[in-house]
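[1] could you work out the structure for the sequence below:
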Amino acid sequence: MLRITSHVAFPDSEIEIHSVRAQGAGGQHVNKVSTAVRLRFDIKASSLPPPCKQALLELRDHRISYDGVITIKSQAHRSRERNREEAITRLLALIRKAVFPRKNRKPTAPTNASRERRIASKKQRGQLKSQRKGLE
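    Below you'll find the predicted structure:
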């Protein structure tokens, strides 16, 4: 059972994990051993609560297909087990990102004192540059 929050969890059986051959450098080991992992998670067929499913489907992420399937490939490590753990960690992070939305930013304005300091530093810099003109 993979737990996202105290209220949101889903069974491991909803995740499909396939071993594939990794790409890139690595020599003979990469060419003959399937250490990379491709993880698939069907959002619509999962046992997540409907609000979580909806939030996941609305995320703008290249790993989520139009059909609502999350595909994550991990090939950073030499062992299949570590790649599997990393893929699951990335899936959980993606789900947490949807479950816990970012807080809306409260727009703030600079204070009058900070504006005055900014203008004063700009004037000082301008005076320094104007003093250089006479040296040429």
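[2] any regions of this structure where pLDDT drops low?
    135-136 (pLDDT under 70).
[3] these two touch, right, residue 80 and residue 29?
    No - at 11.9 Å, residue 80 does not count as touching residue 29 under the criterion of C-beta atoms under 8 Å. Using the backbone N, CA and C atoms, a C-beta is placed for each residue, glycine as well.
[4] those two: which has the busier surroundings?
    residue 80 (17 against 10; other C-beta atoms under 10 Å).
[5] identify the contacts common to residue 80 and residue 29.
    Common contacts of residue 80 and residue 29 (C-beta atoms under 8 Å, 6 or more residues apart in numbering): residue 35.
[6] what ranges do the helices span in this structure?
    Taking DSSP state H as the criterion, the chain carries its helices at 28-32, 50-58, 80-99, 112-133.
[7] list the contacts of the second one.
    Spelled out, it's helix 50-58. Applying C-beta under 8 Å, 6+ apart, the set of residues contacting helix 50-58 from outside is 4, 8, 43-44, 46, 48, 64, 68, 70, 94-95, 98-99, 101.
[8] same list (the helices of the chain) but as JSON lines, adding distance to residue 16.
    What follows is the helices of the chain, written out as JSON lines (distance: least, C-beta to C-beta, whole Å):
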{"stretch": "helix 28-32", "distance to residue 16": "23"}
{"stretch": "helix 50-58", "distance to residue 16": "17"}
{"stretch": "helix 80-99", "distance to residue 16": "11"}
{"stretch": "helix 112-133", "distance to residue 16": "54"}
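[9] understood, closing this out.
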